[in-house]
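Novice: I'd like to go over a predicted model; first the sequence, then the structure.
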Amino acid sequence: MKTLIARSLKFESGVVQVLDQYLLPHQQVWHECRDVATMSELILTLKVRGAPLIGLAASLLIGYLVEQGEDKDAIARSIDELEATRPTAVNLMHCMAKLREALQAIDWQQQVITTAEQLFEEDTALCDRMANIGAELVNAGDNILTHCNTGALATAGVGTALGVIYYAAKQHGDIHVWVDETRPLLQGGRLTAFELDAWQIPYTLICDNMAASLMAAGKVDKVFVGADRIAANGDFANKVGTYNLAVLAHFHNIPFYVVAPITTLDRSCPNGAAIPIEQRAKSEVTGVSGSFGDCQWAPNNAEVYNPAFDVTPASLITGWVLDTGLFTGDEVALGVFSQS
Ligand SMILES: CSC[C@@H](O)[C@@H](O)C(=O)COP(=O)(O)O
């Protein structure tokens, strides 16, 4: 495979390498990955995370395994195993379906490798298109609220919602971002803050439960978030807490946009109720862990509910920013997302 380099994922010196997103921002550690068990562990523990990135990292590993001479049956099994790591972000299923298709060709080795490379390179282009389209919705002076991490760390390009913010800041300069810390795993506090810092875009970190009072005080002009799966009717799943923001934005008459590449659209999924939601370990809610160590505050026998994502209904969304354009509620209700 050719050399491919993104912010948190690369294929270099003949091996897949990932930046450990669990240790950021205080430690920047790259891991080499040569087998399915290692990649599965990296994805499950969110060292590799973000809807587009998960699919791309798994794809590069499959390309690598083909280069190592694994036979067709073994590759098919590896694709199945990687696809089963996390259930909600459909980008992973999209990538694995493309690789399965390539596996049917006579020259399957070459086709799988080319497909893995193309998926990576296409994601960069998709990010650019979304960022350009979304940046037109932003005005100089806007205070934008965002949730989770949707930047260059989560994609092969500039990001989804955070990519829009980056392009808008480049165009208008005068943008300020409210960053939800995003409990339980703090992707906002650890990763979005880290990316905005590096980009020198002014931001203020808040706890998730502070958004309501900010909105009531007129301090939020727009909300931009990413998505892990958009259903045919426009409902979408994203990091848990996104639905709270959509309800709050609706109540306060604040535009609420979802930004995602076409690879996040699942035309076969009729609505949000059909999106599988990943449930995660109790320890993520009973305490925190990271580069700073582990800490538990809840009693050992506390019952815990820990869905990684929630579903926002289409009725609360002002606009869907895809790489193919900006879609309104009327267009989505007319079935624009169900057409192939
Ligand atoms: C990259 S943008 C969309 C989403 O993947 C993002 O908002 C998100 O929910 C990521 O969840 P994560 O559990 O960190 O993989």
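Specialist: Perfect, thanks for sending it. The model shown is predicted, which means the values in this text are computed figures rather than measured ones.

Novice: quick one: residues in contact with stretch 317-328.
Specialist: 125-127, 129-130, 133-134, 136-137, 164, 224, 230, 234, 236, 246, 255-262, 265, 329, 332, 336-337 (CB atoms under 8 Å, 6 or more residues apart in numbering). (Glycine included, C-beta is placed from N, CA and C.)

Novice: buried sites along that stretch?
Specialist: When burial is assessed from 16 or more other CB atoms under 10 Å, stretch 317-328 yields the following buried residues: 317-323, 326-327.

Novice: how about stretch 93-110?
Specialist: By neighbour count with 16+ other CB under 10 Å, stretch 93-110 contains the buried residues 93-96, 98-100, 102-103, 109.

Novice: quick one: end-to-end length of stretch 203-222, please.
Specialist: From its first residue to its last, stretch 203-222 covers 14 Å (CA to CA, to the nearest Å).

Novice: near the ligand, anything from it?
Specialist: No. Judged by CB under 6 Å from any ligand atom, stretch 203-222 makes no contact with the ligand; its nearest approach is 13.3 Å.

Novice: buried ones among the contacts of stretch 317-328?
Specialist: 126-127, 129-130, 133-134, 137, 164, 224, 230, 234, 236, 246, 256-262, 265, 332, 336-337.

Novice: strands - which of those land there?
Specialist: Among the buried ones among the contacts of stretch 317-328, the members falling in strands (DSSP state E) are 224, 230, 236, 256-259, 265.

Novice: and which of those is nearest to the ligand?
Specialist: Val259 (7.8 Å; CB to the nearest ligand atom).

Novice: tell me the bridge partners for that closest one.
Specialist: Val321 (DSSP bridges).

Novice: that one against Ile165, yeah?
Specialist: No. Counting by CB atoms under 8 Å, Val259 does not reach Ile165; the two are 9.4 Å apart.

Novice: joint contacts of these two?
Specialist: Common contacts of Val259 and Ile165 (CB under 8 Å, 6+ apart): Phe224.

Novice: quick one on the thing from earlier: show me which of the buried residues of stretch 317-328 is closest to the ligand.
Specialist: Distance to the ligand across those (CB to the nearest ligand atom) is lowest for Val321, with 11.9 Å.

Novice: so what pLDDT did that closest one get?
Specialist: pLDDT for Val321: 98.

Novice: same question for Ser340.
Specialist: Ser340 is given a pLDDT of 58.

Novice: contacts only, for Thr3.
Specialist: Neighbouring residues of Thr3 by CB under 8 Å, 6+ apart: 10-12.

Novice: of those, which belong to strands?
Specialist: 10-12.

Novice: SS state for Val288?
Specialist: strand (DSSP: H, G, I helix; E, B strand; the rest coil).

Novice: let me know how buried the residue lying closest to it once chain neighbours are set aside is, in neighbour terms.
Specialist: Nearest residue to Val288 in three dimensions, chain neighbours excluded: Cys295, at 5.7 Å (CB to CB, 6 or more residues apart in numbering). Residues near Cys295, counting by other CB atoms under 10 Å, number 10.

Novice: tell me the confidence at the spatially closest residue to Gly134 that is not a sequence neighbour?
Specialist: Residue nearest to Gly134 in three dimensions, not counting chain neighbours: Val164, with 3.2 Å by CB to CB, 6+ apart. At Val164, the predicted lDDT confidence score is 98.

Novice: residue contacts, Val164?
Specialist: Neighbour list for Val164: 130-131, 134-135, 137-138, 224, 257, 259, 321 [criterion: CB under 8 Å, 6+ apart].

Novice: who's in contact with Tyr22?
Specialist: The contact partners of Tyr22, by CB under 8 Å, 6+ apart, come to 45-47, 290-291.

Novice: wait, doesn't Met39 sit right on Ala58?
Specialist: Yes. Counting by CB under 8 Å, Met39 does reach Ala58; the two are 6.3 Å apart.

Novice: which residues are common contacts for the two?
Specialist: Leu82.

Novice: between those two, which one's more packed in?
Specialist: Set Met39 next to Ala58 and count neighbours by other CB under 10 Å: Ala58 wins out with 31 against 28.
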